[in-house]
Each structure stands twice: as structure tokens, then as C-alpha cells.
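J.: How does the following fold in three dimensions:
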Amino acid sequence: MSNRLASATSPYLLQHADNPVDWWEWSPEAFAAARERGVPVLLSVGYAACHWCHVMAHESFEDAATAEQVNREFVAVKVDREERPDIDAVYMAATQAMTGQGGWPMTCFLTPDGEPFQCGTYYPLRPRHGMPSFGQVLDAVTKAWTEDGDRIRGAAGDIAEKLAAQAAASPEPATIGDERLDAAVGVLAGEFDPQNGGFGGAPKFPPSMVLEFLLRHHERTGSGPALELVTGTCEAMARGGMYDQLAGGFARYSVDAAWVVPHFEKMLYDNAQLLRVYAHLARRTGSPLAHRVTVATAQFLLRDLRTPEGGFASALDADTDGVEGLTYAWTPDQLREVLGDDDGAWAADLLAVTAEGTFEHGSSTLQLLRDPDDPARWERIRPALLAARDTRPQPARDDKVVTAWNAMAVLALAEAGAALGRADWVFEAGRTADLVLSRHVVDGRLRRSSRDGVVGAAAGVLDDHALLVEALLALHQATGDPARLSAAEQLLATTLERFADPERPGVYLDTADDAEQLLHRPREITDNATPAGASSLVNALLTASVLASPERSPGYRGAAETALSAIGALLPRAARFTGHWLTAAEAMEAGPLQVAVVGDSAALLDRARRDAPGGTVVVGGEPGTAGVPLLDGRGLVDGLPAAYVCRGFVCDRPVTTPEELAALLRLD
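T.: Below you'll find the model as predicted:
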């Protein structure tokens, strides 16, 4: 049987196209069918790289008897959370409200009006560990719907009203300054794991945005403790099993507190954010480890996630042939088989591969807990192990191109390339930006994703717009191309117009004012695995405020200040979940710092990009370059290229040598 998913642009939906379940994509027609039949909607939300989504699909959605029950008693709707984050946000809020937790696969039962009345996550085919079977849940929902439908529909309406009210709630506004930023560092220090790095316990996620904030705080204030939190966490992650010691790139998270055993899926958004963090750390400290991880992570993106059109795929799956870790885990015997006895034993000791194993069935993840005592030997062995691993079955790739995540890759490659002198990374960032602007903008509006060059129907949400503005502004600084600034400002105008809450100054909603109407317009306040759309918008507004013309600059600055203060009460108490907001607050507190290099001087530009604190706006070009307001009114000094350094509205005298510029940018 082939259901309605065969023409979907989502790889996750295509995974279910041959299920015996008669799936619909999310559409008005699906809910009309439920209304006509008088049955509830079964909404299943997941994503392609999700392990338990695959498990539930195999156990239940591929099971003929279960599918027959679903088709008889429900209208079944399948949603890719990465393609439709708006739908996911609305019903995840319902799931968390009803069960106290959330996750994927998400399983919700809705009225034909889309109102939820029963929500959960993974259900097994048979009861176990206190969980009812999926069939038992289906039976209970059908019984309640047929025997007590009026009460169910009334309760669902009440739930929908409460969820809408909850979405409309806002924290108290508060001004964010030095005191709150210092307090946020103190909160993070109290939650830091001094033994293993990172924050909190297992499972442990890479705290990319928090690390970016801490690094900026160190750069602005000279705080040693803030830098120690960054270096300790970055080294622990890079040496553990969550980092791919052979091919580069990071897994989604560690199931333990010591970064030993990862959840093996590799997400574009994690690797883009971590590339940015390690590049900034390498630039600031000169750490060889940070530099090595930066290079390997960029290579992973460009080698393993690049699409033929010039975008980046979303993820590599957690599973290989249904088994987690099949591609990545090793035993001592496997190392010896590839490398021989001597090199195999040496590699096992170096990479913490033991007879007992650190993973399943006596296998181990690869860790590099210390630098090799023979670097040349390691550089000979590593490619051999990688080549052998490449002959194993490989995880599937979710090759849809998501606007927001590709924008994060553009931002990371542009900043890392500028900071570390890698023009090739900047070039690749530009290729991706061109793809998104040419393929994902339809009739003047931004779409969420594409696959194989075919753009999907889902509208872009706030993070797509805001992160793409951030990325274009970074590209403008890295290349000096005025067209990047112009494109960013055009998109920023649309974002401010379409996503602002008309009744609450400084509040931005995740869907546009003309988007499909769901139960309510979602608003994500905190940063999670990816930055909140609103925090990304504040970062974009701040950068734009010093790159734009004097006519537009005050408006951008004012909008950023209002939006940041609108969530001020969350800081610092929720510092672990507001890292991108805090990053913006650091840039605002610093000015943002601006460096304009006038004239043809690669030495001055390189020094600015290497030494300027994170969040600094750096541009270069000839005097009066059209379309680059930061160069207006600034010229050569005694016929020599010059650098102009400004903090807020106060500028230092222009300097003409890299040494003088370094002195102006040096930390106090």
C-alpha cells in the first residue's frame, strides 16, 4: 500500500510512505475528512534522525493489524517537526502540559477542529515498563470518543483555551546590564560540572549558546572564571565519545555525564553552532585543540552534509540498519584487524577501547582523552581507521535543506573563515546563502525548506528569517559585499513587519501574521537545541544597527533594546536556556564594538578579525564604498589604510598599523 506521503518533500514523511497506515500530510483536507467521518485525528510528529521514531514506526506503523485499527478509527496525520516547527511547538506545549514531559515521537489525539484531548510520546507495541501498548491507547481513546464524545470535545476546547493563554504569557520586563550578566555567569558556575565539564547531569547536551555568551563575557570583562567554564567544557566534549575522533563532527548529545556514549545522530544545527564556538575559542586563546576541532568540524559539514545544490543536509541518523552505534563503535579485535597487533594495541590504549567496552556488546566509543605521544603515528592510523569504518553500513542522511539551520552554517563558516583566514569557508558560506535566497524565497516570502532543489510549501518561521539575517550580515562583513547588507535589510524589514506582536512591544511571535492559523501563534522564549527566533532577531538587530545607514540604525537599536528587556526577568535565573539572549546582551553592553578598515590593507583586516571580541562588527573597503555606511566619511590617514575603532558612539583616533590596532582591541 502507498499512502498520501509519496510526494512529500520531507525525508521523514517519505520513510512512512509505504506504511499500511493511511497517512495524510497536515492539511485542511485531513481535518475535513475527520469531521465528515466523525472520528478523531491521530497526530504523529517526529523527524528522520529520531531513534524512537524509527522504533515506533517499525513496531506499530508497519504492523498490519495496528494500521487497520488506526485507519478504521482515526484520520492519521504525519508531521515532520523540522519542516513544521510551528505545529510541533503548539502540540508539544499540549503534551508537556498533559504529561509533564515531551519528546519525539509525539503522539496526540485531536478533535476534527485540531484541539488536543490526549497526548503522549512513544508507545510500545506491547505493554512494558509501566507503559500501555499503542493498541491499548487506541482502544481507550476510541472508547472515550464514542461513549463520552461531548465531554471529550468540551475538555479539548478548555485545553485549547488554556494553551493559548499560556502562550500569551510573558515574563516581567527588566533592563539587562552588567549586574545581570555577572549574575548569569555566577548561576552557570553553580551548575557547572567541574569533573566532566558542561552543565547539569546526564543526559548532557552541548551548551553552544551558553559557551558563546561566556566567551564574550570574558572578552568584555576579562573574567577568568567565565573562560574556564568554556575551556573546560570544550576540551571535555572534544576528547569524549560525543565528538567523532576519526571524521570530525559532534553527535546530538551524551547519554552519560562524562561525554562517553553519544546519541549518535549528527545534526547540522549542533555542528554549525559548535563550529562557531570552537573557532572563536581558537581565535581568542590559540588553543591547538580548539583549532583542530574547528577545522575537522568544518570539513565534516562540507564533506558529509553538503548537498549537490550547495546547501547542507539536516542530519545523519542515529541508527544504522536499525542499530545505534553500528557504524561508530569498535572492539580491540577490530582495531587490530585493521591496524595490526602493535598499532592496534596502541590505538586501543589511546582511544579508550577496552575489552569490557564503554558501549554495548563489549564495544567502545572512541575517545581521545590525551594527546597522542606519537602524533605522526596517530595521523597515519586515523585515516586507516576511517577508511575501514567507511566500508561499514552507514547511517541514512536527512537531506532536506532547512533555512534556519543552513543560515547557522553560513554564519559559522563566514565567522570562522574570517577569524582563521580560511577564504574557502567564506566562499562555501556564500554558496549556501545564494542557494537559500534563490530557491527558498518564493513570491517575495521565505520558505522553511527544500529537498533536491524542490522547495516545500511550509512558510518560513521567525528563526528562519532572523538567522538568515544574521548570516547575511556576517557574510557582508567577511566579504565586504554591499549586496549582502542590502538583502539582510530587506529581509529584516519583512521580519519586523510580519512577526511583531501588535499588542506587546518587543514581543515577536514564531509565525507570521498571515501564516496558517493554528490553535494559537506559538512563541518560543527560551533557547533550546537551536536559538529562539526572537533571540536571533535581537542579535541581528544589534549587528544591523551599526552596519545600517544613520536613518535606520536608531530604529534597529531601539527594537533590540525593547525585545531584550521584554524577557529580562528570565535573566539570569534561566541562564542555561537563554544563552543566545545573553550573547546579544553582551554585544549590546560592548557597544557593539565597531572596526572599519579603510583602504586596501589585508594586515589590518586580518588583525581586526583575529583580535576583536565576539560580537564586534568588522568591515573593510575603500573610502566611501557605496552601500557600506560604516565607511562613510572615513578616509586614509596620511595616504595610508587606516582602522577606525568605535565603542557605541565614541571612536578612538584612527590607526595605521596592525600593532596599534591590536593595542586598541586588547582586553583590559
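
J.: quick one, what contacts residue 157?
T.: residue 115 (Cβ atoms under 8 Å, 6 or more residues apart in numbering). Just so you know, the C-beta spots here come from the backbone N, C-alpha and C atoms, and that holds for glycine as well.

J.: ok, longest helix in the protein?
T.: Across the chain, the longest stretch assigned as helix under DSSP state H is helix 149-168.

J.: after that helix comes which helix or strand?
T.: helix 178-191 (DSSP states H and E).

J.: the strands in the stretch 401-550 of the chain, which residues?
T.: Remark: strands assigned in the stretch 401-550 of the chain by DSSP state E, counting those that start in this stretch are 401-402, 441-442, 445-446, 449-451, 454-455.

J.: List of residues touching the last one?
T.: Right, strand 454-455. Contacts for strand 454-455 (Cβ under 8 Å, 6+ apart): 9, 439-440, 442, 447, 449.

J.: who wins for most neighbours among these?
T.: residue 449 (28 neighbours; other Cβ atoms under 10 Å).

J.: If it is in a bridge, with which residues?
T.: residue 402 (DSSP bridges).

J.: May I ask you to confirm that it is in contact with residue 461?
T.: No - with contacts counted by Cβ atoms under 8 Å, residue 449 stays clear of residue 461, the gap being 10.8 Å.

J.: which residues of the stretch 301-450 of the chain fall in helices?
T.: 332-339, 341-350, 375-390, 403-420, 423-439 (DSSP state H, counting those that start in this stretch).

J.: How far off centre is the fourth one?
T.: Once both centres are worked out by Cα atoms, centre = their mean, to the nearest Å, helix 403-420 turns out to sit 12 Å from its chain's centre.

J.: For residue 255, which residues are in contact?
T.: 202-203, 261-263.

J.: Buried among those? Need that as a selection in PyMOL.
T.: Buried subset of the contacts of residue 255, written as a PyMOL selection, criterion 16 or more other Cβ atoms under 10 Å:
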select buried, resi 261+262+263
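
J.: which ones among the contacts of residue 255 are found in strands?
T.: 262-263 (DSSP state E).

J.: Adding pLDDT and distance to residue 527, write the contacts of residue 255 out as JSON lines.
T.: Converted to JSON lines, the contacts of residue 255 look like this (pLDDT from 0 to 100; distance: Cβ to Cβ, whole Å):
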{"residue": "202", "pLDDT": "94", "distance to residue 527": "21"}
{"residue": "203", "pLDDT": "95", "distance to residue 527": "17"}
{"residue": "261", "pLDDT": "97", "distance to residue 527": "25"}
{"residue": "262", "pLDDT": "96", "distance to residue 527": "21"}
{"residue": "263", "pLDDT": "93", "distance to residue 527": "20"}
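
J.: Tell me the one of the contacts of residue 255 nearest residue 417?
T.: residue 262 (27.2 Å; Cβ to Cβ).

J.: That closest one is in contact with residue 245, isn't it?
T.: No - the criterion here is Cβ under 8 Å, and residue 262 misses it with residue 245 at 11.5 Å.

J.: want to throw the strands of the stretch 401-550 of the chain into JSON lines with distance to residue 129?
T.: What follows is the strands of the stretch 401-550 of the chain, written out as JSON lines (distance: least, Cβ to Cβ, whole Å):
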{"stretch": "strand 401-402", "distance to residue 129": "34"}
{"stretch": "strand 441-442", "distance to residue 129": "46"}
{"stretch": "strand 445-446", "distance to residue 129": "43"}
{"stretch": "strand 449-451", "distance to residue 129": "35"}
{"stretch": "strand 454-455", "distance to residue 129": "42"}
